[in-house]
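Asks: following is a predicted model, sequence given first.
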Amino acid sequence: MRLWRKSASPDPAAAKNAAAGARYGSAQERERLKGDAQETARQRLVVASGLFVVAFVAIGLRMSYVSLLRDGDEPTQRMAARGGTVQSERADIVDRNGIVLATSVPVMSAFVNPRLLIDPPDAARKIVTALPDLKLEDVLSKLEEDKTFVWIKRGLSPREHDRVNRLGIPGLEFQSEERRIYPQGTAAAHILGYASVDNSGLAGVERFFDQQLHSGETVQLAIDLRLQRLVEREIARVVQKFSAIGATAIVMDATNAEVLAMASLPTYDPNSAKTITNDALFNRATLGVYEQGSTFKIFNTAMALDTGRVTLNSVFDATSPIRIDRFTINDDHPQRRPLTVPELFKFSSNIASAKMAVEMGTETQRAFFEKIGFLKPLSTQLNELAAPLYPRHWMKINTMTIAFGHGISVTPLHLATGAAAVVNGGILHSPSLVKRGAGGDVGRRVIQAKTSIMMRQLLRLNVVEGTGKNAELPGYELGGKTGTAEKPTRGGYRQKALISSFVGAFPMRDPKFVILVSIDEPKGIPETYGYATAGWVAAPSVKVISEGIATLYGILPGDLKEGLPPIEIASTPVPAPVQSPHYVPASARHRGGHEQRRALPVRPSPNQAAAAPPGGVRRVASE
């Protein structure tokens, strides 16, 4: 808009009259002055509005940058202040007795604004002196970056925090954070997994229950830490004794498929996430897909008995090897005669098992393995779950070899879960790493109850008279099945690379515990006459673990007599979390919360009243 004044008249008289009118405030001049004032006010309003628009645009752009573009590692100004607060606390993970397996503690982390540094090289030398695990060149490169924020080290120990704080370097500040720690070290590492420096779950239960833990809800696992340590100690001993490359073991409650212990070697310490290797992180129990060898005769035999077309008195000829196509099926313990079903099982005959499977038919076999869950990944509280491997075209030769555990590969957790269904009366439950409530998984029937009873008899026979004699535990009616499988390679099998496994259960009158031990590539020793098969390597470990279970829970041979109520493993329920109405500063977070963090007692104290077990149930001692 352009403004101008009306030019003066050249006529002197007119000019004189105009001057006079202005002097005396003529109506014309007053109107002109009023218009000029309104126009000036209008201009000022336009300018002010423009300034407000610019300010709002600048604020909006800054908010967009902070929300979307800023480095996620950079804390907000409120969070970055010295002694700042943490928004929330990641909840604990505890075992079935309330023992803390994973928890969060307050820590300080050091960061710096490089633009505020006076002498970056000198500051880098001082920081490395206080934190000798850092490299000078790495710290110096951070301090010379053209940024307003870089991390120096996160999760400082109290001593490190004190040393860095004493440096007095301008621009070097601290932020309060949480650090995830695992008080039990390597115990149950593959179950727990671990969390990132930002407290996000990266593996195991930490990852599966990440949202629940962030919301402050404690996760109570089904495992018993004491049993877990016992299992880990035993398989570590076996790996060392037989120079194996790895091992896995599972203890499961046969009645509901709760996992009471699960271990995999090699293992790792979740407190030192930077040192974890891929080999150590690999959970053999849930990711290792292996041919399970003769342990599969459990399921092949159960399938045949469940059809009713085969009985314990049925006979299958094992006089000579089977030759089909370019393959020959032999027995490791050849009897060279017809065998009844108990003899087939006791002597672990591949020939008789293959003929029994052929008599049942390929479709019957495939349908049974699908029903028992061996043709799909398991469903449990882990993301690290592998899918089984089985033939796309299930032909006669596949039917024969699958009968004795070759040509199909499943995880050890598949094997333990299927074995639990076979011995518990025929009900298949999904395996659970967390405690199940009273109305938990009801399961589904996969075999008849009478078939389950016959299978218990066969499993017990195998330990008393068959290949599982080294697992015998007098007074506890342990039953089980050996399985030794050669590891496949391109074009065939590696004869000296074995997976030696034993899956057992006890007591056979009313099975409560299923125990699986699987050793990867054990080497024979003089004590075993050079053998590295399951009967020499894995069966004795199942005996040791079973004996440990009996001692741990105070189970006496007399407790297994027929007619007594079933055994129930005691546990301590964790109290429901109390919802906090507001966020708590990290500096004050643990002052009043020690009672929630303390490990709960395994048994009631003298001043506590123990809850009475439901009628018809015997609780075994927890200590």
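Replies: Yep, that arrived.
Asks: in the stretch 101-250 of the chain, which spans are helices?
Replies: For the stretch 101-250 of the chain, the helices defined by DSSP state H, counting those that start in this stretch occupy 120-130, 136-143, 158-165, 189-192, 204-208, 210-214, 225-241.
Asks: sorry, slip of the keys, the one I care about is the stretch 501-623 of the chain.
Replies: 534-537, 539-552, 594-597.
Asks: before we move on, the earlier item: need the winner for burial among the helices of the stretch 101-250 of the chain.
Replies: helix 189-192 (a mean of 27; mean count of other C-beta atoms under 10 Å). C-beta: built from backbone N, CA, C; applies to glycine.
Asks: may I have that one as PDB, with CA atoms only?
Replies: Extracted in PDB, the C-alpha atoms of helix 189-192 (Å, rounded to 0.1, in the frame of the first residue of the first chain):
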ATOM      1  CA  ALA A 189      20.400 -66.900  30.400                       C
ATOM      2  CA  HIS A 190      18.700 -68.400  27.300                       C
ATOM      3  CA  ILE A 191      15.300 -68.100  29.000                       C
ATOM      4  CA  LEU A 192      15.800 -64.600  30.300                       C
END
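Asks: show me what it is packed against.
Replies: Where contact means 3 or more C-beta pairs under 8 Å, 6 or more residues apart in numbering; DSSP states H and E, helix 189-192 is packed against helix 204-208, strand 259-265.
Asks: number of nearby residues for the residue nearest to residue 370 when sequence neighbours are not counted?
Replies: Leaving aside its sequence neighbours, residue 370 sits nearest to residue 376 (C-beta to C-beta, 6 or more residues apart in numbering; 7.9 Å). A count of neighbours around residue 376, defined by other C-beta atoms under 10 Å, yields 10.
Asks: same thing with residue 273?
Replies: Using other C-beta under 10 Å: residue 273 sits among 16 other residues.
Asks: pretty sure it sits against residue 194.
Replies: Yes. Between residue 273 and residue 194 there is a contact at 5.3 Å, judged by C-beta atoms under 8 Å.
Asks: and for the two, which residues touch both?
Replies: Common contact partners of residue 273 and residue 194 (C-beta atoms under 8 Å, 6 or more residues apart in numbering): residue 202.
Asks: in stretch 179-190, what's buried?
Replies: For stretch 179-190, a neighbour-count test (16 or more other C-beta atoms under 10 Å) marks 179, 180, 182, 184, 186, 187, 188, 189, 190 as buried.
Asks: leaving out sequence neighbours, find the closest residue to the fourth one.
Replies: Nearest non-adjacent residue to residue 184, counting by C-beta to C-beta, 6+ apart: residue 101, 5.7 Å away.
Asks: before we move on, back to that, okay if I get the helices of the stretch 101-250 of the chain as TSV plus distance to residue 303?
Replies: Formatted as TSV, these follow (distance: least, C-beta to C-beta, whole Å):
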stretch	distance to residue 303
helix 120-130	66
helix 136-143	61
helix 158-165	61
helix 189-192	31
helix 204-208	33
helix 210-214	39
helix 225-241	30
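Asks: can you tell me the element the residue nearest to residue 370 falls in?
Replies: Of the helices and strands defined by DSSP states H and E, none includes residue 376.
Asks: residue contacts, it?
Replies: Listed by C-beta under 8 Å, 6+ apart, the contact set of residue 376 reads 370, 387, 388.
Asks: got CSV for the residues you listed, with distance to residue 329 and secondary structure too?
Replies: Shown next, in CSV, are these (distance: C-beta to C-beta, whole Å; DSSP: H, G, I helix; E, B strand; the rest coil):
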residue, distance to residue 329, secondary structure
370, 24, helix
387, 27, coil
388, 22, coil
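Asks: top of those residues by neighbour count?
Replies: Going by other C-beta under 10 Å, residue 388 tops these with 17 neighbours.
Asks: and the nearest residue to it once chain neighbours are set aside, bridged to which residues?
Replies: Residue nearest to residue 388 in three dimensions, not counting chain neighbours: residue 410, with 4.5 Å by C-beta to C-beta, 6+ apart. Listed by DSSP bridges, the beta-bridge partners for residue 410 are residue 290.
Asks: now residue 410: how far from residue 310?
Replies: From residue 410 across to residue 310, the span is 23 Å (C-beta to C-beta, to the nearest Å).
Asks: those two: which is more packed in?
Replies: residue 410 (28 against 17).
Asks: surely that one meets residue 374?
Replies: Yes. Using C-beta under 8 Å, residue 410 is in contact with residue 374, at 5.3 Å.
Asks: sorry, back to before: deepest of the helices of the stretch 501-623 of the chain, which one?
Replies: Using mean count of other C-beta under 10 Å, helix 534-537 ranks as the most buried of those, with a mean of 27.
Asks: how about low-confidence regions in this structure?
Replies: Within the chain, the ranges that satisfy pLDDT under 70 run 1-37, 60, 62-88, 563, 576-623.
Asks: quick one, longest strand in it?
Replies: Using DSSP state E to define each element, the chain has its longest strand at strand 492-506.
Asks: what is it packed up against?
Replies: Against strand 492-506 (3+ C-beta pairs under 8 Å, 6+ apart) you get helix 412-423, helix 449-465, strand 479-489, strand 513-520, helix 534-537, helix 539-552.
Asks: mind putting those in a markdown table, distance to residue 57 included?
Replies: Converted to a markdown table, the helices and strands packed on strand 492-506 look like this (distance: least, C-beta to C-beta, whole Å):
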| stretch | distance to residue 57 |
| --- | --- |
| helix 412-423 | 58 |
| helix 449-465 | 74 |
| strand 479-489 | 66 |
| strand 513-520 | 64 |
| helix 534-537 | 74 |
| helix 539-552 | 69 |
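Asks: the ones you listed: which one's closest to residue 351?
Replies: strand 479-489 (16.2 Å; C-beta to C-beta).
Asks: partner strands of the closest one and their direction?
Replies: strand 492-506 (antiparallel).
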